[in-house]
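Novice: Got a predicted structure here, sequence first:
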Amino acid sequence: MSVAVASFAVFAASQIGTPGPANMALMATGARYGFRAALPFVAGVALGKQLVIWPVGFGLMELAARAPWLFTGLKYASAAYIIWLAWKVANLRLSADATTSQAPGFWAGLIVHPLNPKAWAMIVGGFTAFVTPGTSTLEATATIAAVLLACQILLHPLWTLAGEGIAKTVAGTAFEPYLMWSLAGLTVASVLFVLFGGGA
């Protein structure tokens, strides 16, 4: 196979398993609504990355090279949207009656990765660093898509479960506002790191 699958799997797991906008959203959703109610959102987040992988694999990068300003603008617009979501997370309170609001569903999760600069950087890095030149587009794209999806199926639910576990400990306590602001702060920090720190 012309894709370094084992090396890419390690890279993908390290990226998907570490804090980033998507994982912070998963943790916050699990904390606010519980793991079971968050599952449709988790599924949407996992599948949403496919909406980035396949267009990138089939030539979106060529368009990016021809019109880099378009993608720069998209990157900053996406970052602004995620920071706005972080502000909403910061002002959520876990102790509020969860029955008064509904957990974000599949469609809300589906747009998380297309608006996530970390996801774009990770996917582009996968194609540029782990695919042998001359590999067929279909083979490379399908392999990267499968490895990323497998990592997400394993790791995204863990972030959601972590949020639920933390919520059970701090909901209704004096530490609750600090937790929500910390989650929001980590989300913003992860976005800024990708934008300005060169991270994936």
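Specialist: Happy to help now that I have it.
Novice: and residue 125, how many neighbours?
Specialist: Using other CB atoms under 10 Å, the number of residues around residue 125 comes to 15. Heads up, the C-betas are built off the backbone N, CA and C, glycines and all.
Novice: Same question for residue 91.
Specialist: Other residues close to residue 91 by other CB under 10 Å number 10.
Novice: and it, what does it touch?
Specialist: The contact partners of residue 91, by CB atoms under 8 Å, 6 or more residues apart in numbering, come to residue 180.
Novice: redo that, cut-off 10 Å
Specialist: Residue 91 is in contact with 177, 180, 181, 184, counting by CB atoms under 10 Å, 6 or more residues apart in numbering.
Novice: Now tell me which helix or strand of this protein has the poorest mean pLDDT.
Specialist: Lowest on mean pLDDT, DSSP states H and E among the helices and strands of the chain sits helix 61-66, with a mean of 62.
Novice: about what we covered before: nearest to residue 2, of the contacts of residue 91?
Specialist: Ranked by distance to residue 2 (CB to CB), these are led by residue 184 at 41.6 Å.
Novice: Does the closest one lie in a helix or a strand, and which?
Specialist: Element membership for residue 184, per DSSP states H and E: helix 176-196.
Novice: Spatially central residue in the chain, please.
Specialist: In the chain, the centroid-proximal residue (CA atoms, centre = their mean) is residue 22; its distance is 2.8 Å.
Novice: C-alpha coordinates for the helix or strand hosting it, CSV please?
Specialist: Assigned by DSSP H and E, residue 22 falls within helix 21-33. Only the C-alpha atoms of helix 21-33 are listed here, as CSV (Å, rounded to 0.1, in the frame of the first residue of the first chain):
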residue,chain,number,x,y,z
PRO,A,21,-12.1,22.5,19.2
ALA,A,22,-14.0,19.3,18.4
ASN,A,23,-13.0,17.5,21.6
MET,A,24,-13.8,20.5,23.7
ALA,A,25,-17.2,20.6,22.1
LEU,A,26,-17.7,16.9,22.8
MET,A,27,-16.6,17.3,26.4
ALA,A,28,-18.9,20.3,27.0
THR,A,29,-21.8,18.5,25.4
GLY,A,30,-21.2,15.4,27.5
ALA,A,31,-20.9,17.5,30.6
ARG,A,32,-24.1,19.4,29.9
TYR,A,33,-26.4,16.7,28.6
